[in-house]
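S.K.: give me a 3D structure for the following:
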Amino acid sequence: DSSNGYTSRFLGFSVYVSNTTSISDGTLCFKDDSFNISTIPEVFNTTCNIYGQYVIFYNERLPGVAYPKDYSTFAFADICEFEVYGKCLTLSDRK
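M.R.: Numbers count the residues shown, from 1 in each chain. Model prediction:
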């Protein structure tokens, strides 16, 4: 919640799905553009109907960019657990 000093570090995060370890090769699954320190959930769930080998959690704070007041100066990934559930597909399943 808003009294937790770590909350602001997560604001603005993204989740990508990719077949490589590069975000530029991936597809954006989720981008936080609405959470603030009072509304970001303790446990976040989203559904991505995208197939890929890698799930990438990404967050940044770029120099010269103005971020909302609740955002921390630096982005961190203090993640305790990241669970991914999916379905293994054969080549014939990918249409």
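
S.K.: quick one, what contacts the residue nearest to Gly12 when sequence neighbours are not counted?
M.R.: Spatial nearest neighbour of Gly12, excluding adjacent residues (C-beta to C-beta, 6 or more residues apart in numbering): Asp32 at 5.5 Å. The way it works is simple: take the backbone N, C-alpha and C, and place the C-beta from them, glycine included. Residues near Asp32 by C-beta atoms under 8 Å, 6 or more residues apart in numbering: 10-14, 40.

S.K.: make a markdown table out of those residues and add secondary structure and pLDDT.
M.R.: Formatted as a markdown table, those follow (DSSP: H, G, I helix; E, B strand; the rest coil; pLDDT from 0 to 100):
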| residue | secondary structure | pLDDT |
| --- | --- | --- |
| Phe10 | helix | 91 |
| Leu11 | coil | 94 |
| Gly12 | coil | 95 |
| Phe13 | coil | 95 |
| Ser14 | strand | 95 |
| Ile40 | coil | 91 |
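
S.K.: which of the residues you listed lies closest to Ile79?
M.R.: Checking those against Ile79 with C-beta to C-beta, the nearest one is Phe10 at 8.6 Å.

S.K.: my guess is the closest one contacts Ile40, does it?
M.R.: Yes - under the criterion of C-beta atoms under 8 Å, Phe10 makes contact with Ile40 at 6.2 Å.

S.K.: all strands for the chain, in order.
M.R.: In order along the chain, the chain carries the following strands (DSSP state E): 14-18, 27-31, 54-58.
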